[in-house]
Every structure is written in structure tokens, then in C-alpha cells.
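Chemist: got a sequence here, can you build the structure:
(chains A, B, C and D)
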Number of protein chains: 2
Amino acid sequence: MSDPSPGLNSEQLGAYFALMEVSSLLQYAVDEHLRADGDLSYVQFQILARLVDSPEGRLRMTDLADGVVYSRSGLTYQAGLLEKRGLVTRAPSPDDERSVMVTVTDTGRALIAHVLPGHVERVRQLLFDPMKGRDLATLSSVLGRVRTHMRATPPRSAKPRAGRNRAE
Amino acid sequence: MSDPSPGLNSEQLGAYFALMEVSSLLQYAVDEHLRADGDLSYVQFQILARLVDSPEGRLRMTDLADGVVYSRSGLTYQAGLLEKRGLVTRAPSPDDERSVMVTVTDTGRALIAHVLPGHVERVRQLLFDPMKGRDLATLSSVLGRVRTHMRATPPRSAKPRAGRNRAE
DNA sequence: ATTTGGTCGTTCGAATTCTAAGCAAGTAAA
DNA sequence: TTTACTTGCTTAGAATTCGAACGACCAAAT
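Modeler: Numbers count the residues shown, from 1 in each chain, chains lettered A, B, ... in the order given. As a prediction, the model looks like this:
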């Protein structure tokens, strides 16, 4: 691996590695804080945050799993834990008996409100402090575009997500 | 400290979420490919890639774990799997009887060489295709700076005995 | 030489995660 | 309706992960 690969130049490789490394380190850091401050794992925080962010404070299991990039069974497990703690409730959807709507409780909202300032502060210190000038604007723009691109590109043998290729 | 504001503006929040989401999606995609093409998990690929990249093709367990952002016990487990498959060997260091040097075998090198083109191709398609102009340069610069910043800031109270990578 | 303190890697148990299989409910076509 | 297929979620079991405890080793004092 001493010579540049046919696909990526060294700057691209460096950016790729840096991206994965930064996200890992960041996740470790915020996970630690969330556990100490609210006894929440990063995944649990993500789930609750998405629910709080949603218009009605509730989402279907599948949409939640897709949003968090998580397996459905994994979400079932975590939703069970959160429900046991009274942070969310689960109830079958009126529209579709198959669906399960997950709803944040007031306790859940309060917990997120409690941990959010510290969470955000860590992110700021670790991620945004070393940025300057137009760094943020560019990063935001590029990553937003990449995200859209990835969400639109089904990874070949992709998960049966919202995507659909069964046209045969 | 700086400002008493809640922490992050909406652009910062968006960039943060996009970063975590992009890295998750990217890891999912490349993990899928690595398993199909070389029966490797992403972590295993990272371990082997770091070894191949190292000058002597071997590293200490601890340095490997720190580099990959992984727990030591987790690395012990994965190193065992890789050793069982003949992709690496483990031997106590001559310098320090406590250390274990992990070394890539020729088989390991061959496997990485086999999966690398496809791996890199996926990364290019997903991550770099939607970029243009100075996007890459900025991303590379910013993430590199952030990484250095994070590595310098002890993420955990005193867990992984950081501060060894000074002259690198 | 012994003590003290720190580092290295593994083992252990518990928690988390995934895939595959399964069931229930919706949809489409006959 | 019946049939077949699809979707939504859960269950089951295996695999992976982490943190804490452990034993071995090193280095610096004593």
C-alpha cells in the first residue's frame, strides 16, 4: 500500500480516514458524557432526540431505525429499555395495525433537555473549536450533499429500506 | 468560558448530525462490501490496513487499539480471530516482555490487496463523487485539524493512556 | 533486593448488536 | 373471497463489544 491506489489519491484517503476517526472519537466522547449525565447510550440519545425533534413526538419503529442507521431488532431492544425506564411509550398505530408508534414521554423530554446542554457543549469543544472562517459552512454543505447522495444510493444488496428496486 | 449561548447554532447542529450520519452510512456500505469480498468486518479491515501501512508490518496491541479507536479487550478478541485465519501472527516483543507484537502475514497482505480496490471504489462513489471544487481540500484540512485536536484532548478521564503519539 | 506505581495484554461477565426466522397485518390480483 | 406477495415488528441465537479484574512485566525509587 505504498503506492497510490487507482481509486483515491492520498488526500482523499486522508480525508476518508480522518472522517471515520473523527466520528469515532466524537462518539466516544459524547457517549461518555451521556452515560455519566443521563445514563444514556449514544444510540438511546439519538432515538430520543429524533423523537423530540419530530412534530408529534412520535415515530414508527421503522422510520426511527432508518433515521438512526440501526437494525430493526436492535431498535426493538433499545425501545424496550427506554420503555422500561418510562422515557417512551409504544402503541400500535391506528392507521396500520402492524406499525408501532414510539412516543416520547414528558420524562423523556425532560431527560433530553437535561443532557442536551452538556452534550452540545462537548460537541462544540471537540468539533467546532478547531474550526475557523468558512470551515463550518463548507463542512456543512459538503456533508449535507454527501448524506443526500448516500441516502439516495442503495448500497447494492442494500437493506430493504425505504428504497425499492423490485422492478422485474 | 466563551459565550453563555445554548451552544450550537442550527448550522453547527446540522453539520454535527450530518457528520455522524455520513460516517455511519459509509461504514455500513463498506462493511457490507468487505464481508462479501473478503469475509472481513470493518474493524478487521482497519486492523489489517494499519498493519500493512506500518513500516515493519507489525504494531503493538495497544498502539493498534489506540489507532483504531477500539477497546483493548476487543482488539484481543479480533486479533485472535485474525490469527486463527492466518492473517496475522502474535509474538511477545523482545524489547518489552509485556508487549505483544502483531504482524501481518503474506496472506493478510494479499487479502488486503484483494479487497482494497473495491473498498476504495465504494468510498469514492459514496463519499467523493458528490464533492467538487475545493470541497475535498477543505474537508481534508478541517478534519485533519479536528482529529489532531481530539487526539490531544484526553477523551476519557484517563482510560486509554493517551499521549504517546507525539512525534508522528 | 524490595517496594511502589505504572503499563501491557488477556480473561471474565454483562450488555449490546446483528442476521435469520417467524408471525401478524396490509396490498394487489384473480 | 382466495392467493400470493410485501411490510412491520419481534423473537431466538450467535457474535461482538466493553469495562473491570487479573497476572505479568518494567522502571524508579528506596
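Chemist: how about low-confidence regions in chain A?
Modeler: A:1-6, A:154-168 (pLDDT under 70).
Chemist: just so I have it, where are all the helices in chain A?
Modeler: Taking DSSP state H to define them, one finds helices in chain A at A:10-38, A:42-53, A:61-68, A:72-84, A:106-123, A:135-152.
Chemist: excluding sequence neighbours, find me the nearest residue to the residue nearest the centre of chain A.
Modeler: Geometric centre of chain A, nearest residue: A:Val68, 3.9 Å, by Cα atoms, centre = their mean. What sits nearest to A:Val68 in space, not counting adjacent residues and going by Cβ to Cβ, 6 or more residues apart in numbering or on different chains, is A:Gln46, at 4.9 Å. Where C-beta positions appear, they are placed from N, C-alpha and C, glycine not excepted.
Chemist: distance of that neighbour from A:Pro130?
Modeler: 24 Å (Cβ to Cβ, to the nearest Å).
Chemist: compare those two (neighbour count), which wins?
Modeler: Per other Cβ atoms under 10 Å in any protein chain shown, whichever of A:Gln46 and A:Pro130 has more neighbours is A:Gln46, with 22 against 19.
Chemist: enumerate the residues of chain A near DNA strand C.
Modeler: For chain A, the contact set with DNA strand C under Cβ under 7 Å from any atom of the strand comprises A:41, A:43, A:70-74, A:77-78, A:81, A:96-98.
Chemist: now those residues: which count as buried?
Modeler: A:43, A:70, A:78 (16 or more other Cβ atoms under 10 Å in any protein chain shown).
Chemist: pretty sure the second one contacts A:Gln44?
Modeler: No: no contact is recorded between A:Tyr70 and A:Gln44 when judged using Cβ atoms under 8 Å, the distance being 10.9 Å.
Chemist: next, show the common contact partners of those two.
Modeler: Here A:Tyr70 and A:Gln44 have A:Gln78 as joint contacts, going by Cβ atoms under 8 Å, 6 or more residues apart in numbering or on different chains.
Chemist: what's the neighbour count on the spatially closest residue to A:Leu75 that is not a sequence neighbour?
Modeler: Spatial nearest neighbour of A:Leu75, excluding adjacent residues (Cβ to Cβ, 6+ apart): A:Ala65 at 4.3 Å. By the criterion of other Cβ under 10 Å, A:Ala65 has 22 neighbours.
Chemist: A:Ala110 now?
Modeler: 12.
Chemist: please name the residues that touch it.
Modeler: A:Ala110 touches nothing, counting by Cβ under 8 Å, 6+ apart.
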